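Engineer: here's my sequence, what's the structure:
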Amino acid sequence: MSAVRNISIIGAGFGALSAVREIRKHDRHIAITLIAPKAELHYLPGIIWIPSGLRTREQLVVPLENFFRRMNVQHVAADVTGLSEAGRVVVTTAGEVRNDALVIASGGRFIKKLPGIEHAITPCEGIAAAERIRDRLMGMYGGTIAVGFAGNPDEPSAVRGGPMFEFLFGIDEQLRREGRRDRFEIVFFNPSREPGNRLGAKAVQHLLREMERRGITTHLGHKLKRFEVDKVVTDGGEFRADLLLFMPGMTGNHWFDQTTLARSPGGLLKADAQCRVEGENDVYVVGDSGSFPGPDWMPKQAHMADLQAAAAAHNLLASLRGETPQATFAVELVCIIDAIDHGTLVFRNARRQIILPSSRLFHWAKRWFEGAYLRNYR
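Structural biologist: Coordinates of the predicted model:
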């Protein structure tokens, strides 16, 4: 393969960086250009521990300059604004970047259409959001904490509920440790009567039992109407919210609108089983940016993005060699729902669903995995 070939990768999250590593496993010479505003990986799975003080910003932001140097990656510090020439040119705030193959791993965008959503903190928007939760909790003497999530009605897979269960149970555990749980009411809300059903029926029942055991009130099966400064209003009633954490469904990035790329009903990039954007040559998508064929429980999580990145890397290299891309990815959900010092393991694939009861072992496994994963980039 000619060394002058260039692969562009958009993003600096899990899918983008996994694509870099996978490409370099198989080709040490092809040029890689990564486009992202900063040369940083923000390890978002760890933000669940920020409110309790188990993690700080400094522990979760990983500078990538050394990784880029080791991987021989050129970093373009810019925002993407569009594509031209059928994806062969990426248009950015720093100019145009030309490529022979493209991987889009720029994540998703949370739908902020619900009236009053400015009163809610959306945890997975990043480290700053988790710091706001920490600071708000520190300043509260008592009151009602409301935690909930919703999906994209046009895109069943574009939901991220797992972290909200972790914030829910983590905050409950934190308040108990601090000896002030009795001053707070905690409410979990969701428009579905079976929240988290993508984890599997056994997991849903386990989660609801855990809420009951912890004295967490539930408000389920009612469409959300609006948020107010101190309350949540649904078509089944309203309840107080002195602190409101809410994860809306996801859709595609704004810059997708400036392209002709195929879109799913929910606004994500429509991909085939090889992670190619439908109708495009050598344009691939991984992670939250894409809508992929498969079961409706396919998760939006880092593990899934890594699997898709491996397939995309194999396929674009094959295509550049003149071969037919054939690599696909397994669909599996792996999740440890953590509560500060113990966690519940949930696993799901096409053949089985497994849930293992809460254990300190799983908490420490989650922490070990974080360290092992980040060593790839430090």
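Engineer: quick one, helices of this structure?
Structural biologist: Taking DSSP state H, the helices of the chain run over residues 14-26, 57-60, 65-71, 127-138, 162-177, 201-214, 302-320, 360-374.
Engineer: may I see these organised as CSV, with mean pLDDT added?
Structural biologist: Shown next, in CSV, are those (pLDDT from 0 to 100):
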stretch, mean pLDDT
helix 14-26, 97
helix 57-60, 96
helix 65-71, 97
helix 127-138, 97
helix 162-177, 96
helix 201-214, 94
helix 302-320, 96
helix 360-374, 96
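Engineer: then stretch 222-233 to PDB, C-alphas only?
Structural biologist: The C-alpha trace of stretch 222-233 is given here as PDB (Å, rounded to 0.1, in the frame of the first residue of the first chain):
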ATOM      1  CA  HIS A 222     -45.600   9.000  31.800                       C
ATOM      2  CA  LYS A 223     -44.700  11.300  29.000                       C
ATOM      3  CA  LEU A 224     -42.600  14.200  30.000                       C
ATOM      4  CA  LYS A 225     -44.200  17.600  29.400                       C
ATOM      5  CA  ARG A 226     -41.700  20.100  30.800                       C
ATOM      6  CA  PHE A 227     -39.300  21.000  33.500                       C
ATOM      7  CA  GLU A 228     -39.600  24.000  35.700                       C
ATOM      8  CA  VAL A 229     -37.000  25.500  38.000                       C
ATOM      9  CA  ASP A 230     -38.100  23.300  40.900                       C
ATOM     10  CA  LYS A 231     -40.300  20.600  39.400                       C
ATOM     11  CA  VAL A 232     -40.800  17.900  36.800                       C
ATOM     12  CA  VAL A 233     -44.200  17.900  35.000                       C
END
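Engineer: give me the most central residue, the chain.
Structural biologist: Geometric centre of the chain, nearest residue: residue 301, 4.9 Å, by CA atoms, centre = their mean.
Engineer: so where's this structure uncertain?
Structural biologist: Along the chain, segments meeting pLDDT under 70 span 1-4.
Engineer: enumerate every residue touching the residue nearest to residue 133 when sequence neighbours are not counted.
Structural biologist: Counting by CB to CB, 6 or more residues apart in numbering, residue 51 is the residue found nearest to residue 133 once chain neighbours are left out, at 5.0 Å. To be clear about C-beta, it is placed using only N, CA and C from the backbone, and glycine gets the same treatment. Contacts for residue 51 (CB atoms under 8 Å, 6 or more residues apart in numbering) come out as 130, 133-134, 137, 167, 170-171, 174.
Engineer: that concludes my questions; thank you for your assistance.
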